[in-house]
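Trainee: Structure, please.
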Amino acid sequence: MPTVAKGDAMRGLAVFISDIRNCKSKEAEQKRINKELANIRSKFKGDKTLDGYSKKKYVCKLLFIFLLGHDIDFGHMEAVNLLSSNKYTEKQIGYLFISVLVNTESELIRLIIQAIKNDLFTRNPVHICLALQCIANIGSKEMAEALAPEIPKLIVSGETLDAVKQSACLCLLRLFRTSPETVPSGEWTQRVGHLLNDQHLGVVTSATSLIHTLAQKTPEDFRQCVQLAISRLSRIVTSSYTDLQDYTYYFVPAPWLSVKLLRLLQVYPPPEDPAMRGRLNECLETILNKAQEPPKSKKVQHSNAKNAVLFEAINLIIHHDTEPTLLVRACNQLGQFLQHRETNLRYLALESMCLLASSEFSHEAVKKHMDTVITALKTERDVSVRQRAVDLLYGMCDKSNAEEIVAEMLSYLETADYSIREEMVLKVAILAEKYPVDYTWYVDTILNLIRIAGDYVSDEVWYRVIQIVINRDDVQGYAAKVVFEALQAPACHENMVKVGGYILGEFGNLIAGDQRSSPMVQFQLLHSKYHLCSAPTRGLLLSTYIKFINLFPEIKGQLQDVLRNNNNLQNADAELQQRAIEYLQLSTVASQDVLATVLEEMPPFPERESSILAKLKKKKPNVSDIEVKEGKKSSNPPTLNNSAANTPEATPASAPVPVMAAAPAPAPVQSASDDLLGLSAGPAAAAVPVTNNFAAPAAPAGGGGGLLVDVFDTPPAQNNVSSALAPQAEDNFFNMAGETAPSGDASATELDGRSQYFDISCCRLSLTDLK
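Mentor: Residues are numbered from 1 along each chain as shown. Next up, the predicted model:
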């Protein structure tokens, strides 16, 4: 940069700044500024032409006043005039004023662009650098469209000085980030890669930043840069800190350039050339080896620079995921940081180990640090570090340690920060479903989860446990028993009531033989929670009561009394009122055979992806997918399914294992109740679908309260219902209910879809089953 001549010092500016500093009050300062503004305005509007020095001085004063927080509404044209000066100090002040005070929509922007073009075409490198810095500072779209084609010429020109190349690379990077479409592609993209081999490390550093950003958009245009980047990285890593004196930072040679090169290599897959791959691996091994060496300085700057290169190298090792030795060494190095006194290092180590946990080569090495991670989860003061510890436990979990990890996460959940509880609940639910010790353990885990953090248990979690219980005959009795015991707690969360009402309504008969859980005891236990629940949960409990009428005829009178209660029949909530009326009518008019048919047990749910995992991915898109990790391993974990053929022993190692494979529903058996509703004349029709979670459809105008009322308001002998339930029964039902029939690919991951028969009315009129 040119030196400032002694005569260029602005004495008037120094006096003005001194006066401002000596003001005793805000009013005095404002008075002095107003006086100066009036003086400057008169000078600019005067008849006498100002020389360059005076313009520079007054523009500097305006700039200083603006930096004090005052608005400046004049002087812009004088600043633009300074751009045409050949003196460095005057041109510098003009560019400084424009960069700070001129906005992108100013009327002067075209004059400024023309002045910048004139400077870009000069042979004075100082003027070119000033122009490039102004372009980068303003970075408007109009400026990018006008000047972006000229900047690459400066980058690849052999006559351009190193300082200009640095400024040109960073200027073009700024324009690309602001308006990517304005940066032209062409021959220069092939030539800019050779800057990585430049002797000046400042040029290499600037060019690497530019190439990395451009390669993320069009990687094929810069693929030749991989070899050059590896070559340059090798020279930096193997050099001593004395070899790069100007770019050594606290005994670490060129740390910023090393980090940028490592990030550039992460844009591409591992090099196919064995020689280049071997050279890159040598670089990474050298970086890992240097991390083990005693520090050359005790200052924090040395460790920061050294660790920055180390963590970026580990990220590259994880990105390639092809070298088992490097992955295990990286894991061991990160394990040493887990107990480091520096919080930032512990955080970064946990974050990187989360990525290592998803690799088949390093997963076992990560598991060795499980105890340390659990200790960090319990003792860390920083909530962000505890969050990363939860993520790592989730990532390292497999069938060998699932029980211990889930137990630790449940234990911590009782005192966990409110900000991470919902995510922890989802992860515990996914792990319990993915790696069940047995199905009774899965049920216990989910119920314990509801007990500990019921407010954070989303509908997807308790939907899922019900789906699995219904699909597993061997766990239904146990689920009914444990949920009955859970409901006996003095303080019971509403989600527990939902699960209890659903499971007891389906399988309460399996535990009714014990006097301690007799039908009346089950009913009284559920009904004691009724007045404490919200309207949707009360609707579910009413559905449970109509199920009880079918399961336990001996308590039919008590259940009908509840349905007949004015609080239900005249409830302000239309949904509860409709359910109470329809269920009471159903229990009164229908025979026991009809009840048994209409209120039959839920069929198995079809195979589907876990909705809990889908919700976790939506909540945290970068969460590591357990399915991907499991696909790389040789052994498959047990899955929640209803088919013996899909157990781990029966499933081939190469076959993908679904989260839950439901067995097909059994073929309907011809029985005496086939024609109870007069349906034998029509062909088999699709099952009557249901509506959403707890809300039944509004009654159609002029026609009863819904399908059940239509069925039972008319004597069975008239068979009027057959028209609604014949070949297009599904469409007819939706037309009656004012709903749109769901498409064939509708999501079936929740109980409020077409398969949630029980929750809407518990009356799944399946013509296939009745046939």
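Trainee: Now do the phi/psi pair for Val252.
Mentor: Note on Val252: backbone dihedrals following degrees, to the nearest 10 are phi -110, psi 120.
Trainee: which residues does it form a beta bridge with?
Mentor: Applying DSSP bridges to Val252 gives these bridge partners: Tyr249.
Trainee: where's Asp321 relative to Leu284, distance?
Mentor: As for Asp321, its distance to Leu284 is 13 Å (criterion: C-beta to C-beta, to the nearest Å). The C-beta positions use only the backbone N, C-alpha and C, and glycine is treated the same way.
Trainee: try Met496
Mentor: Distance check for Met496 against Leu284: by C-beta to C-beta, it reads 52 Å.
Trainee: again with Glu27
Mentor: Relative to Leu284, and taking C-beta to C-beta, Glu27 is found at 65 Å.
Trainee: who's more crowded, those two?
Mentor: More crowded of Glu27 and Leu284, by other C-beta atoms under 10 Å: Leu284, with 22 against 9.
Trainee: what distance separates the start and the end of stretch 414-421?
Mentor: Using C-alpha to C-alpha, to the nearest Å, one end of stretch 414-421 lies 9 Å from the other.
Trainee: list the buried ones in it?
Mentor: By neighbour count with 16 or more other C-beta atoms under 10 Å, stretch 414-421 contains the buried residues 416, 420-421.
Trainee: Spit out the contact partners of Tyr346.
Mentor: Small correction: residue 346 is Arg, not Tyr. 337-340, 376, 380, 385 (C-beta atoms under 8 Å, 6 or more residues apart in numbering).
Trainee: Low-confidence stretches in the stretch 301-450 of the chain?
Mentor: The stretch 301-450 of the chain contains no residues with pLDDT under 70.
Trainee: Tell me which stretches of it form helices.
Mentor: Here the stretch 301-450 of the chain has its helices, by DSSP state H, counting those that start in this stretch, at 324-337, 343-356, 363-367, 370-379, 383-396, 402-413, 418-434, 439-453.
Trainee: Would you format those helices as JSON lines with distance to Ala275 included?
Mentor: As requested, these are arranged in JSON lines below (distance: least, C-beta to C-beta, whole Å):
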{"stretch": "helix 324-337", "distance to Ala275": "17"}
{"stretch": "helix 343-356", "distance to Ala275": "27"}
{"stretch": "helix 363-367", "distance to Ala275": "28"}
{"stretch": "helix 370-379", "distance to Ala275": "39"}
{"stretch": "helix 383-396", "distance to Ala275": "34"}
{"stretch": "helix 402-413", "distance to Ala275": "43"}
{"stretch": "helix 418-434", "distance to Ala275": "42"}
{"stretch": "helix 439-453", "distance to Ala275": "52"}
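Trainee: which one of those helices lies closest to Ser209?
Mentor: For Ser209, the closest of the helices of the stretch 301-450 of the chain is helix 343-356, at 22.0 Å, according to C-beta to C-beta.
Trainee: got the buried residues for the closest one?
Mentor: 345-356.
Trainee: Mind picking the one among the residues you listed that's closest to Ala305?
Mentor: Ala305 has its nearest neighbour among the buried residues of helix 343-356 in Leu345, at 13.4 Å by C-beta to C-beta.
Trainee: so who does the closest one touch?
Mentor: 307, 337.
Trainee: cutoff 10 Å now
Mentor: Contacts for Leu345 (C-beta atoms under 10 Å, 6 or more residues apart in numbering) come out as 303-304, 307, 311, 334, 336-339.
Trainee: Helices along the stretch 1-150 of the chain, start to end?
Mentor: Shown for the stretch 1-150 of the chain, the helices assigned by DSSP H, counting those that start in this stretch span residues 11-21, 26-45, 52-67, 76-82, 88-101, 109-120, 125-138, 141-147.
Trainee: Out of the ones you listed, flag the one nearest Ser297.
Mentor: helix 125-138 (33.8 Å).
Trainee: in that closest one, what counts as buried?
Mentor: Buried-residue list, helix 125-138, by 16+ other C-beta under 10 Å: 126-136, 138.
Trainee: angle of that helix against helix 88-101?
Mentor: 10 degrees (axes from the mean of the first three to the mean of the last three C-alpha atoms, to 10 degrees).
Trainee: Check the model's average confidence along helix 125-138 for me.
Mentor: Mean pLDDT, helix 125-138: 93.
Trainee: which helices and strands sit right next to that helix?
Mentor: Packing partners of helix 125-138 (3 or more C-beta pairs under 10 Å, 6 or more residues apart in numbering; DSSP states H and E): helix 88-101, helix 109-120, helix 141-147, helix 151-156, helix 162-178.
Trainee: Run the chain-centre distance for the last one.
Mentor: Translated: helix 162-178. Taking the mean of its C-alpha atoms, helix 162-178 sits 33 Å from the chain's own mean (C-alpha atoms, centre = their mean, to the nearest Å).
Trainee: Buried residues, it. List them.
Mentor: Judged by neighbour count using 16+ other C-beta under 10 Å, the buried positions of helix 162-178 are 163-176, 178.
Trainee: which helices and strands does that helix pack with?
Mentor: So helix 162-178, by 3+ C-beta pairs under 10 Å, 6+ apart, packs with helix 125-138, helix 141-147, helix 151-156, helix 201-217.
Trainee: Tell me, please, where in the chain the pLDDT is lower than the cut-off.
Mentor: 1-9, 241-242, 608-609, 619, 621-771.
Trainee: Any quick PyMOL command for the buried ones out of the contacts of Leu345?
Mentor: Here is the PyMOL command that selects the buried residues among the contacts of Leu345 (16+ other C-beta under 10 Å):
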select buried, resi 303+304+307+311+334+337+338
